[in-house]
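In: Structure for the following, please:
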Amino acid sequence: MAFSQKSQSDKSFSRQDENGAGSSQDVQVPRSLQRVVLDDKIAKLVPILLFKYQQKELITKEEMLHNVDEDYKELFPQIFREACKCMRLGCGIDVREIDPPGHIYALIPVLGLTYHGMLGDEEIIPKIDLLIVILTVIFMKGNRASEEDMWQVMTVREMLPQWKRFLVWEPWKFITEDLVQKQYVKYHQVPNSDPARYEFLWGPRAHAETSKMKILQHLAMICRRDPRSYTHLYEEALREEQAHV
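Out: Model prediction:
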């Protein structure tokens with residue numbers, strides 16, 4: 001998702017809607033800007049949804065539309081649909097309508113992760129995305145991942161266009177210090193390794209808030225696969241689920 005602030009082009013798009021169609025060139029301008037406008041509005045709506053999730057509050061369509069901008073009421077269904085997709089795939093949170101007549105929505109934690117202590121800054125989306133990826137990689141690597149595994153994750157992420165502006169927050173420090181402090185991740189030296197090697201494991205907070213099955217189902221949804229197609233991972237996640245019954 002591209003994150004861009006409201007600009008003069010945004011205003012031009014709104015003004016063009018109000019004035020109606022002009023010359024053929026005038027008509028083409030708002031079309032070319034529509035993706036930029038949509039991304040801008042989605043970027044405004046997602047943090048609001050995350051804040052509501054953290055505060056355990058409901059949100060109404062009216063409130064969302066007010067924050068997006070009443071001028072874009074006709075585009076709101078698309079903005080809302082893509083924001084919900086971002087919340088589901090990127091944050092593991094479902095936006096569910098619980099009162100259709102009142103257009104009232106609840107934020108449901110599909111993964112169970114609370115993100116308490118992480119919300120409130122402009123880098124929250126890539127941070128949440130990275131946390132989910134890290135927990136997934138650790139699980140897929142036999143419940144422990146090496147530093148090399150994490151550097152590979154970072155290399156792939158840094159190639160994504162939407163990540164480039166967020167690299168100022170030092171992802172490696174976020175992984176090895178912030179997530180460790182928040183107890184989502186353990187980061188320690190491999191016993192008896194010489195020269196010293198370090199590895200990552202799920203922290204107590206990750207075990208308390210989510211499960212291997214939830215992480216696997218999330219991965220399968222993103223990859224459009226049946227969780228059972230990851231045979232060994234599914235069997236391990238299922239054993240964990242049965243052990244906690």
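In: tell me the centre residue of this protein?
Out: A centroid search over the chain (Cα atoms, centre = their mean) returns Gly90, at 2.5 Å, as the residue closest to the centre.
In: residues near the nearest residue to that one once chain neighbours are set aside, how many?
Out: Once flanking residues are discounted, Gly90 sits nearest to Asp129: 5.2 Å by Cβ to Cβ, 6 or more residues apart in numbering. Every C-beta, even on glycine, is put in place using the N, C-alpha and C of the backbone. Counted with other Cβ atoms under 10 Å, the neighbours of Asp129 add up to 20.
In: How much space separates Asp129 from Met118?
Out: According to Cβ to Cβ, to the nearest Å, Asp129 stands 12 Å off from Met118.
In: Then Leu130?
Out: 11 Å.
In: Leu131 too?
Out: From Leu131 to Met118 the distance is 8 Å (Cβ to Cβ).
In: who has more neighbours, the two?
Out: Taking neighbours as other Cβ under 10 Å, Leu131 and Met118 compare with Leu131 leading, 24 against 20.
In: Helix, strand or coil: sort out Arg96 for me.
Out: Judged by DSSP: H, G, I helix; E, B strand; the rest coil, the three-state class of Arg96 is strand.
In: Grab the nearest non-local neighbour of Thr205.
Out: Actually, residue 205 is Arg rather than Thr. Per Cβ to Cβ, 6+ apart, closest to Arg205 is Gln183, 3.9 Å.
In: is it fair to say Arg225 lies in a strand?
Out: No: going by three-state DSSP, the assignment for Arg225 is coil, not a strand.
In: Check what pLDDT it gets.
Out: Confidence at Arg225, expressed as pLDDT, is 95.
In: That one: neighbour count?
Out: By other Cβ under 10 Å, 11 other residues sit near Arg225.
In: quick one, phi psi at it?
Out: phi -130, psi 160 (degrees, to the nearest 10).
In: From Gln217, how far out is it?
Out: For Arg225 relative to Gln217 (Cβ to Cβ), the value is 10 Å.
In: and the host helix or strand of Val46, what's its mean pLDDT?
Out: Assigned by DSSP states H and E, Val46 belongs to helix 24-54. Averaged over helix 24-54, pLDDT sits at 72.
In: quick one: the helices in this protein?
Out: For the chain, applying DSSP state H gives helices covering 8-19, 24-54, 61-68, 76-91, 124-140, 147-158, 171-173, 179-181, 204-209, 212-223, 231-243.
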